[in-house]
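Trainee: Predicted model follows, preceded by the sequence.
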Amino acid sequence: MFFLLRMAFWLGLVLVLLPTGRNADDDKLPQVSTGDAVSAAAAAVSDMSQFCVRQPAACQIGDKAAAVIGHRAQAGARKVYQMITDKKNPDQTGSIGGVGSAAVSPSQDTLSAADREIGWRPPQPAATMPAVPAVSAEATK
């Protein structure tokens with residue numbers, strides 16, 4: 001169980017840190033500076049009991065930071081999902097040919113059933129092959 005919690009933490013951290021493109025929703029999100037987030041985290045660690053009663057400003061900033069982190073995690077997860085589900089053509093992925101490639105015709109098997117029935121025989125050695133009579137230039141005239 002603890003492994004799953006650690007895995008969820010690290011996966012969430014990776015999703016938050018993934019670079020995302022600018023969206024129209026980014027302007028609607030509350031803006032939290034790094035200094036505010038660090039001071040809020042330090043205040044949370046120092047005073048865990050009765051946190052929101054004693055320091056409501058830190059609780060408000062933490063709420064905003066959680067909203068921003070949640071949005072970034074969603075955007076990162078969406079980007080990873082799009083990268084996984086994006087279907088690319090073989091020429092875009094760097095692969096050579098493939099099932100849907102235009103270079104390979106759909107039917108290259110031209111052997112008939114009768115062709116497949118003939119057994120393979122190794123080539124005959126040169127000593128047992130019949131000799132071909134040499135043709136002189138005078139005989140062809």
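Mentor: Yep, that arrived.
Trainee: any idea where the strands of this structure begin and end?
Mentor: Applying DSSP state E to the chain gives no strands.
Trainee: biggest helix in it, by residue count?
Mentor: Using DSSP state H, we find that the single longest helix of the chain is helix 56-85.
Trainee: In it, which residues are buried?
Mentor: 58, 61-62, 64-65, 68-69, 71-73, 75-77 (16 or more other Cβ atoms under 10 Å). The way it works is simple: take the backbone N, C-alpha and C, and place the C-beta from them, glycine included.
Trainee: Report all helices and strands that it contacts.
Mentor: Other elements packing on helix 56-85 under the criterion 3 or more Cβ pairs under 8 Å, 6 or more residues apart in numbering; DSSP states H and E are helix 2-17, helix 34-46, helix 51-54.
Trainee: May I see the ones you listed organised as TSV, with mean pLDDT, distance to residue 122 and mean neighbour count added?
Mentor: Compiled in TSV, the helices and strands packed on helix 56-85 are given as follows (pLDDT from 0 to 100; distance: least, Cβ to Cβ, whole Å; neighbours: other Cβ atoms under 10 Å):
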stretch	mean pLDDT	distance to residue 122	mean neighbour count
helix 2-17	83	60	11
helix 34-46	79	77	13
helix 51-54	77	87	12
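Trainee: Which residues are in contact with the nearest residue to residue 15 once chain neighbours are set aside?
Mentor: Closest residue to residue 15 apart from its sequence neighbours, by Cβ to Cβ, 6 or more residues apart in numbering: residue 76 at 3.6 Å. Counting by Cβ atoms under 8 Å, 6 or more residues apart in numbering, residue 76 touches 14-18, 20.
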